[in-house]
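J.: Provided below for reference: sequence and predicted model.
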Amino acid sequence: MTRRVPDSCPGVLRLHQAADGPLARIRVPGGRVAAAQLQALAEAARDLADGNIELTSRGNVQLRQVRDAGELTGRLEAAGLLPSHSHERVRNIVASPLAGRIGGVADVHPLVPALDAGLVSAPRLAELPGRVLFTLDDGRGDVSVLGGDIGVHATGADEFALLLAGQDTGIRISTADAVDIMLAAAHGFLDLRGDDPGQWRLHDITDGAERVAELLGLTRGADRLELGAAHDIPIGWLDQDNGLVSLGAGVRLGTLPARTAEFIAAAERPVLITPWRSLIIADLDEWTAEQVVRVLAPMGLIFDANSPWLQVSACAGRPGCAKSHTDVRADAAAAVDSGRVLPPNPDPPAHHNVPATGTAETNTLPPNTNPSTHQEVPTPTTELGNTRPPEPTPLAHQLVLVTDVTVAGRQHWSGCDRRCGRPRGQVTDIVAIDPTNYRIT
């Protein structure tokens, strides 16, 4: 690696000085927040920041334009969202959001607090870079594909594959041993990293995964998991195995208004923040679930798995990022609102970067179904008088005026060539080259 500087990932105690003001990132291990914690975040966003809670690709949250860092620290400590000052940036744990409720091979959520406690109680692990990611996959393959540094992937009710740098090592471990072995792997990463501050991830170390596996000294089998590259976002009405209901809610460009968050908190049910910048509101009875949808859908939460908003992601753009050529979020929103974000091509040519078909794990509602009534609703083209949808822009490094960008399927809008926040997998890149033109590849 050519880096020579430590990672600059923000936290609560070390804010990032963004172009629009200080930014705080709050770790939420496993993505789970209690109703009272979500209420505390909403109040902090309203009182101390710009009024929104941003969801990140690791199931964490961040607040922009923080006005009083000390007050924010105190509020988060009181809510149980900042249990350690020394380890706050290393608590990056992503777990399969539906684990223990819908499908999966093993429930990984009990491992989250155990792993978090193990990280916080080990003084040396405070030295981990803020970019190191731990993944806990219940066997469905939704978070192992995120390319974490250290992870486990359920292969049986009491068996996990150990993943290092996003790849199966061939090591198989029990539930009882999983946390201790993951922590040992984290120590192994620090051993190999030494004094080089530029090695932020296990991926950055030459043969890092192989060398950490050797340090662990565990038996390795010949079988290796083949991990996919894409997974459906759980959206809509999700029937839990115990007869209750979860609601998967999309959040437009990952930005949750504080007022909406307060209404979610009022349901007094567990909420999980997913690595796809969406939410799962869990453990609802059917009547309550219907009322939640009736209230939250008009406030902008997305319960339709076919919504074009679910195809679109974007970097911060202006005014939050000085490197951005333009306000990409406004441009992306305009593309959605004007019907220029088209459904994925069901039979795409090989060179078109549209997402692969996901699994049926999510039990999403049928197309064009109102999740609160389960009745069919008009399609956007019907509401527009059966107008013909626009043709997609050819994907061959085209330079296109912002008002003409028309792309089918999964797409990421970026304000510059850094393409921050780009999701993994097959995605069309829409990159600003100046305030009015984009390059599409």
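T.: Looks like it came in fine.
J.: And the strands in the stretch 151-300 of the chain?
T.: Remark: strands assigned in the stretch 151-300 of the chain by DSSP state E, counting those that start in this stretch are 159-164, 167-173, 236-239, 245-250, 255-257, 271-273, 278-284.
J.: Those: which one's closest to residue 136?
T.: The minimum distance between residue 136 and the strands of the stretch 151-300 of the chain falls on strand 159-164, with 8.8 Å, by CB to CB. The C-beta positions use only the backbone N, C-alpha and C, and glycine is treated the same way.
J.: Parallel or antiparallel, which strands does that closest one pair with?
T.: Its sheet considered, strand 159-164 pairs with strand 150-156 (antiparallel), strand 167-173 (antiparallel) by DSSP bridges.
J.: what does the first one rub up against?
T.: For strand 150-156, the surrounding residues in contact (CB atoms under 8 Å, 6 or more residues apart in numbering) are 104-106, 108, 111, 132-139, 141, 143-144, 160-164, 166, 168, 172-173, 178, 182, 185-186, 189, 202, 225, 227.
J.: From these, which land in helices?
T.: If you go by DSSP state H, the contacts of strand 150-156 have 111, 178, 182, 185, 186, 189 in helices.
J.: okay, the closest residue in space to residue 19 that isn't next to it in sequence: pLDDT?
T.: The spatial neighbour of residue 19 that comes closest, neighbours along the chain excluded (CB to CB, 6 or more residues apart in numbering), is residue 322 at 4.0 Å. The model reports residue 322 with a pLDDT of 95.
J.: Residue 322 and residue 20 touch, don't they?
T.: No - applying CB atoms under 8 Å as the test, residue 322 and residue 20 come out as separate, 9.2 Å apart.
J.: More neighbours: the two, which one.
T.: Each of residue 322 and residue 20 has its neighbours counted (other CB atoms under 10 Å); residue 20 has more, 15 against 11.
J.: I'd like the strands paired with strand 159-164 as a markdown table, with mean pLDDT appended.
T.: Rendered in a markdown table, the data for the strands paired with strand 159-164 read as follows (pLDDT from 0 to 100):
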| stretch | mean pLDDT |
| --- | --- |
| strand 150-156 | 98 |
| strand 167-173 | 98 |
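J.: which of those sits most buried?
T.: strand 150-156 (a mean of 24; mean count of other CB atoms under 10 Å).
J.: And that one, how far out from the chain middle?
T.: Computed by CA atoms, centre = their mean, to the nearest Å, the chain-centroid distance of strand 150-156 equals 19 Å.
J.: Pull it out as CSV, backbone CA atoms only.
T.: The C-alpha coordinates for strand 150-156 follow below in CSV (Å, rounded to 0.1, in the frame of the first residue of the first chain):
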residue,chain,number,x,y,z
ILE,A,150,-13.5,-10.5,9.9
GLY,A,151,-16.7,-12.4,9.8
VAL,A,152,-18.6,-15.6,10.4
HIS,A,153,-21.2,-17.2,8.1
ALA,A,154,-23.6,-19.8,9.4
THR,A,155,-23.3,-23.2,7.7
GLY,A,156,-25.3,-25.1,10.3
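J.: so where's the stretch 251-400 of the chain uncertain?
T.: 346-397 (pLDDT under 70).
J.: Compute the number of surrounding residues for the closest residue to residue 421 other than its chain neighbours.
T.: Excluding the flanking residues, the one nearest residue 421 by CB to CB, 6+ apart is residue 315, at 4.8 Å. For residue 315, the neighbour count with other CB under 10 Å is 24.
J.: swap in residue 413?
T.: Number of residues near residue 413 (other CB under 10 Å) recorded here: 30.
J.: Off-centre distance for stretch 98-105?
T.: Worked out by CA atoms, centre = their mean, stretch 98-105 lies 18 Å from the chain centre.
J.: same question for that stretch, mean pLDDT?
T.: 97.
J.: Now do it: distance from first to last residue.
T.: 11 Å (CA to CA, to the nearest Å).
J.: What of stretch 313-330?
T.: 12 Å.
J.: cool, and stretch 6-18?
T.: In stretch 6-18, first residue to last residue: 18 Å (CA to CA).
J.: Mind listing residues that contact it?
T.: Contacts for stretch 6-18 (CB under 8 Å, 6+ apart): 22-27, 62, 64, 66, 69, 72-73, 76, 82, 85, 88-89, 129-131, 197-198, 200, 316, 320-321.
J.: Nearest residue to the middle of the protein?
T.: By CA atoms, centre = their mean, the chain has its centre lying nearest to residue 275, at 1.8 Å.
J.: Okay, that one and residue 56: tell me how far apart.
T.: 8 Å (CB to CB, to the nearest Å).
J.: Please identify the buried residues of stretch 306-321?
T.: 306-318, 320-321 (16 or more other CB atoms under 10 Å).
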